[in-house]
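Colleague: Give me coordinates for this.
(6 chains)
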Number of protein chains: 4
Amino acid sequence: MARNGARAPTTTGGTKDEPVRQRLLAEATRLFAEKGFESTSVQEIVSAAGVTKGAMYHYFDSKDDLLREIYARVLRLQIERLERFAGAPGPIADRVHAAAVDVIATTIENLDDSKIFFRSMHQLAPETQKAVRAERRRYHERFRDLLVEGQHAEVFRADVPADLVVDFFFGSVHHLGTWYHTDGALSGTAVGKHFADLLLASLRH
Amino acid sequence: MARNGARAPTTTGGTKDEPVRQRLLAEATRLFAEKGFESTSVQEIVSAAGVTKGAMYHYFDSKDDLLREIYARVLRLQIERLERFAGAPGPIADRVHAAAVDVIATTIENLDDSKIFFRSMHQLAPETQKAVRAERRRYHERFRDLLVEGQHAEVFRADVPADLVVDFFFGSVHHLGTWYHTDGALSGTAVGKHFADLLLASLRH
Amino acid sequence: MARNGARAPTTTGGTKDEPVRQRLLAEATRLFAEKGFESTSVQEIVSAAGVTKGAMYHYFDSKDDLLREIYARVLRLQIERLERFAGAPGPIADRVHAAAVDVIATTIENLDDSKIFFRSMHQLAPETQKAVRAERRRYHERFRDLLVEGQHAEVFRADVPADLVVDFFFGSVHHLGTWYHTDGALSGTAVGKHFADLLLASLRH
Amino acid sequence: MARNGARAPTTTGGTKDEPVRQRLLAEATRLFAEKGFESTSVQEIVSAAGVTKGAMYHYFDSKDDLLREIYARVLRLQIERLERFAGAPGPIADRVHAAAVDVIATTIENLDDSKIFFRSMHQLAPETQKAVRAERRRYHERFRDLLVEGQHAEVFRADVPADLVVDFFFGSVHHLGTWYHTDGALSGTAVGKHFADLLLASLRH
DNA sequence: AATGAATGAGCATTCATTCAT
DNA sequence: TATGAATGAATGCTCATTCAT
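Modeller: The predicted structure is shown next:
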C-alpha cells in the first residue's frame, strides 16, 4: 500500500511499466478521495509520489488531466465488467442479480474511485464532463436494457419505468462511499447480495 | 460578535427583516451547488448577493460558516418533516410510504441543498463534520426505527438488516441531485411515489 | 527620484492622490525600461514600490494592465502636447519646427516611457495592442496633416509622401531611447533643435 | 562542444549541409520577431524546426546563444554591405545615397532580424550585449566617417554633428520594422530612395 | 451595519536546462 | 547525433481574512 521508494526492475517483462505515472495516479486517487480534488494541491500529490512537479507535468497536462485519467480508468473497468455479466447465459433475473452483486463488490474494492466520481465531477472541464456523463449514461443504459428485457419477459414488474429503477439502484451503489467502511462487519459481496436481493424483490410482480 | 445562535423569531412572519443574511445564504447555496464550495470565491457570493465582503463577514464568521449554516438548515428541515410523518397515526407501511414520498419530494424541492450535502461535506472543519454526520445519523436512525417497527410487526421482511435498507434507500434519495432535472417529465412527488413503491415492494415477505 | 517611504499628507488638497497606485506605476515604468516587461517580475515591482502583491492586484487587474496604463499615460501626454503646438498661430514651418523640438524634448524627459513603448508593444493583449496602435496612428496622422498643410502651401516639397516623412522622422524620435544618455553633452532641447533642423531642411524645395 | 566558431565553408554552395542548425536559426528568428524573445519557449522553437530539445542543445549552448547567433549574422551582413558601398568609387554624395538605399532595402528584406535587434538587445548577457553594441558602433562610425568626408569636402553642411545625423538616420532605418508591411504599396528600394533623398536633402547647405 | 484597501500564504503552471542512454 | 524523462526555481495570480474608518 505504501509506495516503493526503489522501483523493482520489471521481472515479468510483461507490461513495460511506467512507475512514475502509475504512482502519481495512485496517490492522486487516494488524496482526491480523502480531501477532495480542490483541496489537494499538486505539491501534495507529487510529494506523496516521491517525484517533482516537473515530472508530473511531463506525464499529465494538468491537475485536471490527472482527474480525467482517474475517471477514464473507472469507467473502463465498470463497463467491461457489466458487459461480461450482462452477456452471460442464464435467466434474466439471475444475470441482473449477478451484475448487481458485482457492481457493488467492485465499487467497494475501488471505493476511492467511487468517492471521487460524483464529488469531483463538476471540476472537470465542461467538455470532459460531458464525455464522462455520456459514458456513464451508456453504462446505465446497458443496465436498463437488462431490466427492460426482464419486463418484456414478464419476469419484472413493468409499472415502474426501467430508467427510474436504474437511478434508484445506482443511487444506492454510488453512495456506498459515504457510509461503507472496510472495517465494517459486512464484506463487499455481502452488501452486494443484500442490495441485489432488495433490487430483485422490488421488481417482483 | 457575528453569529447569534438564537435570533429573534420573525415577528412579522415575512422574510424581509434580514434580507442581507438570507440573500447571502441563498446565493451561496446556489453557487456551491453549481460550482462547488472550493471553486466558489467569497467575492462571487457577495457580488451575487449585491453586498461587499465586509457585510458578509459581519453576518458570518467565515466561508466555512456559510456552509455550516446551509447544512444546519437542511438537517433542521428534514428531521422536522420526518418526525411529522413518522409520528402520524396509521399502519406502519403507510407511514413509511408517506415519509419516503415526502423526503424525495422535499429533496427535489431543495435540490441545491442536496447537491451540496455530500459533495462538500469534507470541506467542513473536522468537528463540524462530525456534528453534521451525527445529526445525519440521528435522522437515519429515526427512519430505521420505522423499518424495525415494521419488521417486528412482521409487515416487512427481517432477513435484511434495517440499517442496510436505510443506506439502500437513502443512497437513491441523495443521488437525485445527479440526475433529476426540473424540466424532466416527472414531478418530485411522482418520483417519490415510484421510489416509495420500490422500497415497500423490496420489503415485502 | 527615490520613493518616499512615508507618504506626505496631501497638502495641496488638489488631486486626491493614490500614492500606492502611483508608486507602482512609477516603479513598473522604471523596471520595464531597464529590464524589459517579460524579465521584470511582479515581485520585483511590488518590492520596489514597498507594497505586497495583493495591493498591486487590488489596483491593477494584471501585470499587463500595468503596462496598458503606462501606454495610456504616454499617449495622453504626447497627443495633448502635439495638439497645442499644431494649433498654435504662426507660419506652418515654424509650427512644425516647434512641434518637432517639443516631441523630442518630451521624449527625452520621459525616456523610460519611450524605451518601453516599442520594445514591449507585442506583450499587450491583441485588442489592447490594436487600441494603442490606433491611438498612435491618430497621433501620426495629426503630424502628417501638418506636413500636408505645408505641402499645399508649397512651403514643403511634395515629391515625398507626407506619411513617409512621418515614419522617417518618428523613427528618429522613437530611437532616442537606444542612444541618448542624460549624461551626454546635448540637452533634450538641443537634440530637438538639430533634429528639427534636419527635418525642415529635408523638406525644402 | 557545441559551437564551432569557424565552420567549414559550404563547399556545395547550397544550404543543405547543416539543415538542422539553419532551421533552428530560421524558426527562432521568425518566432522572436513575432512574439519576442522571452515569450518564445525553446519548445516552440524546436517544434517549429521539427526537432527535439536535445538536438537544439547539441548545436547551441543555450537559448541566449541562439539570439547571439542571430545578432552576429545581422551585423556581419550589414557591415559587409556598407563596406562595399562606402569603398566604391564615385562622388561622396552618390556613395552615401547608395549606401542609404541599400541599408534600407536590406533591412526590409530581413525585417524579422530588424524587429528582434532593438526589442531584444536587453536580453543578451551583459558582456554579449556590450560586444553587440560595440559592433553596432563600429558600423555607425563607418557611416559617420562617410558623412564627415562629405562635410570636409563641403558637400554636406557641417553645422550638425555627423554623429547626430547618424542617429537621426538610423533611427528611421531601425524603425522600419514597426510600420513597414510587405503587402504595402512601396518596395524596399522605393522606401530606400525616398529616405535617402530626405537624408541627402537634409545635409545640403 | 458596512466599506474597501491591504495582507500573506498558497496555488497551478512554465521553462531553460541537464543527463543517462 | 539525438532522445525524452526529470529537475527546481521562478512566475503570475487568487483568495479568505483583517482592520481602520
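Colleague: tell me, what residue is most central in chain A?
Modeller: For chain A, the residue nearest the mean C-alpha position is A:Val74 (4.3 Å; C-alpha atoms, centre = their mean).
Colleague: That one against A:Asp112, yeah?
Modeller: No - counting by C-beta atoms under 8 Å, A:Val74 stays clear of A:Asp112, with 9.9 Å between them. For glycine as for every other residue, the C-beta is placed from the backbone atoms N, C-alpha and C.
Colleague: What residues sit buried inside whichever strand or helix holds A:Arg95?
Modeller: Using DSSP states H and E, A:Arg95 falls within helix A:92-109. Within helix A:92-109, the residues that qualify as buried are A:92-93, A:95-108, counting by 16 or more other C-beta atoms under 10 Å in any protein chain shown.
Colleague: next one: stretch A:108-116
Modeller: In stretch A:108-116, residues buried by neighbour count (16+ other C-beta under 10 Å) are A:108, A:110-116.
Colleague: Can you pull out the low-pLDDT segments for chain A?
Modeller: For chain A, residues meeting the criterion pLDDT under 70 lie at A:1-18.
Colleague: where along it do the helices fall?
Modeller: Ranges of helices within chain A are A:19-35, A:42-49, A:53-59, A:63-86, A:92-109, A:111-120, A:126-152, A:162-174, A:176-179, A:188-203, based on DSSP state H.
Colleague: quick one: which of those helices is nearest chain D?
Modeller: helix A:53-59 (12.1 Å; C-beta to the nearest C-beta).
Colleague: need the residues of chain A near DNA strand E, please.
Modeller: Within chain A, the residues that sit near DNA strand E (C-beta under 7 Å from any atom of the strand) are A:40-44, A:53-54, A:57, A:62-64.
Colleague: Please list only the buried members of those.
Modeller: Buried members of these, scored by 16+ other C-beta under 10 Å, are A:40, A:63.
Colleague: With distance to B:Tyr180 added, can I get the residues of chain A next to DNA strand E in TSV?
Modeller: Putting the residues of chain A next to DNA strand E into TSV (distance: C-beta to C-beta, whole Å) gives the following:
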residue	distance to B:Tyr180
A:Thr40	29
A:Ser41	34
A:Val42	34
A:Gln43	38
A:Glu44	35
A:Lys53	40
A:Gly54	44
A:Tyr57	39
A:Ser62	31
A:Lys63	30
A:Asp64	27
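Colleague: Next up, phi/psi of A:Val160, please.
Modeller: phi -120, psi 130 (degrees, to the nearest 10).
Colleague: circling back: closest to B:Val148 among the residues of chain A next to DNA strand E?
Modeller: Proximity of the residues of chain A next to DNA strand E to B:Val148 (C-beta to C-beta) peaks at A:Thr40, which lies at 40.1 Å.
Colleague: and the closest one, how far is that from A:Arg73?
Modeller: Here the criterion is C-beta to C-beta, to the nearest Å. By it, A:Thr40 lies 17 Å from A:Arg73.
Colleague: Contacts only, for the nearest residue to A:Lys35 once chain neighbours are set aside.
Modeller: With C-beta to C-beta, 6 or more residues apart in numbering or on different chains as the criterion, A:Lys35 has its nearest non-adjacent residue at 6.4 Å, and that residue is B:His122. Neighbouring residues of B:His122 by C-beta atoms under 8 Å, 6 or more residues apart in numbering or on different chains: A:34-36, A:39, A:119, B:129.
Colleague: between these, which is closest to B:Phe143?
Modeller: Within these, the smallest distance to B:Phe143 is 21.2 Å, found for B:Gln129 (C-beta to C-beta).
Colleague: Return the distance of the closest one relative to DNA strand F.
Modeller: Remark: distance between B:Gln129 and DNA strand F (C-beta to the nearest atom of the strand, to the nearest Å) = 15 Å.
Colleague: which ones are touching that residue?
Modeller: Counted by C-beta under 8 Å, 6+ apart, B:Gln129 has contacts B:121-122.
Colleague: before we move on, back to that, dump the helices of chain A to a markdown table, plus distance to B:Arg157.
Modeller: Formatted as a markdown table, the helices of chain A follow (distance: least, C-beta to C-beta, whole Å):
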| stretch | distance to B:Arg157 |
| --- | --- |
| helix A:19-35 | 34 |
| helix A:42-49 | 46 |
| helix A:53-59 | 51 |
| helix A:63-86 | 25 |
| helix A:92-109 | 17 |
| helix A:111-120 | 28 |
| helix A:126-152 | 21 |
| helix A:162-174 | 17 |
| helix A:176-179 | 21 |
| helix A:188-203 | 8 |
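Colleague: Out of these, flag the one nearest B:Glu80.
Modeller: Among these, helix A:176-179 comes nearest to B:Glu80, with 22.6 Å by C-beta to C-beta.
Colleague: can you tell if the closest one touches chain B?
Modeller: Yes - Helix A:176-179 reaches chain B (C-beta under 8 Å from any C-beta of the partner chain) through A:176, A:178-179.
Colleague: ok, back up a step: please tabulate the buried residues of stretch A:108-116 in a markdown table and include distance to A:Glu27 as additional columns.
Modeller: What follows is these, written out as a markdown table (distance: C-beta to C-beta, whole Å):
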| residue | distance to A:Glu27 |
| --- | --- |
| A:Ile108 | 21 |
| A:Asn110 | 15 |
| A:Leu111 | 16 |
| A:Asp112 | 11 |
| A:Asp113 | 14 |
| A:Ser114 | 18 |
| A:Lys115 | 15 |
| A:Ile116 | 13 |
